[in-house]
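Colleague: Just the structure for this:
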Amino acid sequence: FFFFLKLRPYPGAGFRNENDSYIIPDFFFFFKPDSLEVLSTKSSTPKLIFQQKYYDKMSREDDKEVQTFLKTRKNEFDWLNKGILQRGNTILRVAEEIVRRQTPFFYDATRPLAPLQLKEIAKELNIHESTVSRSVNGKYLQTDFGMFELRSFFTVGISQGSTGEDVSTNLIKKEIEHLVENENKAKPLSDQKIVELLLLKEMKISRRTVAKYRDELDIPPSSKRKRYDRN
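Modeller: Numbers count the residues shown, from 1 in each chain. Reported below is the predicted structural model:
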């Protein structure tokens with residue numbers, strides 16, 4: 001009997017070694033009376049330490065080779081430190097521009113996202129698109145209503161011929177979800193009917209696109225959403 005008490009139902013559990021991982025935000029978002037503010041936590045900024053005491057001590061040495069060595073290394077430190085500061089400033093500017101362009105997301109509880117591409121931020125800040133891509137990769141913004149990766153604020157837009165403006169796919173998907181949630185379950189909306197209802201909201205997309213977005217949202221077709229009244 002005591003032998004069985006020592007047995008484990010999950011013998012491999014003793015070899016498991018899991019460490020909890022947490023996301024540390026790179027930026028904090030704040031509401032101000034007349035604007036939105038983004039502050040950097042500098043959590044992702046590498047920290048350089050210059051050994052000033054060692055440098056001062058060796059600077060007193062009367063040796064040209066030592067002085068040349070110190071000067072070279074000091075210049076290398078200054079160059080690297082300047083590059084790190086510039087990088088941090090660029091990332092902050094990118095975050096600020098994203099927040100500026102996605103202002104409705106922070107004020108509206110439905111969190112609508114406007115169409116936004118990397119090249120738009122790059123053009124506005126006069127930097128390369130690849131720089132923007134690196135700046136938003138793995139960087140997070142902390143708000144009062146959650147934490148968001150900067151890359152998630154970039155959405156593809158669908159051109160609307162009548163207005164000349166783009167509507168983000170994110171906004172269209174949310175509208176499709178809303179229509180399905182509020183449909184008559186005995187007569188669920190077909191993809192074509194959803195197209196017609198979206199058109200009333202000035203969202204012009206094809207039936208095929210509706211079907212594609214519906215699949216991405218894990219919403220079954222109307223034939224499988226139909227519910228029969230048992231009463």
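Colleague: Now that residue 173 has come up, it's in contact with residue 213, right?
Modeller: Yes. Residue 173 is within contact range of residue 213, at 5.2 Å (criterion: Cβ atoms under 8 Å). In this view, the C-beta of every residue, glycine as well, is placed from N, C-alpha and C.
Colleague: Looking at the two now, which is surrounded by more residues?
Modeller: For residue 173 versus residue 213, neighbours defined as other Cβ atoms under 10 Å are more numerous around residue 213 (19 against 16).
Colleague: residue closest to the middle of this protein?
Modeller: Closest to where the C-alpha atoms of the chain average out (Cα atoms, centre = their mean) is residue 149, at 2.3 Å.
Colleague: tell me the phi and psi of the closest residue to it other than its chain neighbours?
Modeller: Counting by Cβ to Cβ, 6 or more residues apart in numbering, residue 149 lies nearest to residue 140, which is 5.5 Å off, once chain neighbours are set aside. Per-residue torsions, residue 140: phi -120, psi 150 (degrees, to the nearest 10).
Colleague: Can you give me the pLDDT of residue 140?
Modeller: Residue 140 carries a pLDDT value of 91.
Colleague: What residues does it make contact with?
Modeller: Residue 140 makes contact with 23, 24, 25, 26, 27, 147, 148, 149, 150, according to Cβ atoms under 8 Å, 6 or more residues apart in numbering.
Colleague: Can you tell me which of those residues is nearest residue 98?
Modeller: Checking the contacts of residue 140 against residue 98 with Cβ to Cβ, the nearest one is residue 150 at 6.1 Å.
Colleague: Can you get me a residue count around residue 93?
Modeller: Neighbours of residue 93 (other Cβ under 10 Å): 17.
Colleague: Equivalent analysis for the one 10 residues further on, please.
Modeller: Per other Cβ under 10 Å, the neighbour tally for residue 103 reads 12.
Colleague: Do I have it right that it meets residue 31?
Modeller: No. In this structure residue 103 lies outside contact range of residue 31 using Cβ under 8 Å: 11.0 Å.
Colleague: Show me what whichever strand or helix holds residue 81 is packed against.
Modeller: Per DSSP states H and E: residue 81 is located in helix 64-101. Under the contact definition 3 or more Cβ pairs under 8 Å, 6 or more residues apart in numbering; DSSP states H and E, helix 64-101 sits against strand 27-32, strand 35-40, helix 52-59, helix 118-125, helix 129-136.
Colleague: among these, which is the most enclosed?
Modeller: With neighbours taken as mean count of other Cβ atoms under 10 Å, these reach their highest mean count in helix 129-136, at a mean of 18.
Colleague: quick one: contacts for residue 23?
Modeller: The neighbours of residue 23, taking Cβ under 8 Å, 6+ apart as the test, are 140, 147.
Colleague: if we can go back for a sec, the helix holding residue 81: which residues count as buried?
Modeller: For helix 64-101, the neighbour count (16 or more other Cβ atoms under 10 Å) marks 70, 87-88, 90-99, 101 as buried.
Colleague: what angle do it and strand 27-32 make?
Modeller: 50 degrees (axes from the mean of the first three to the mean of the last three Cα atoms, to 10 degrees).
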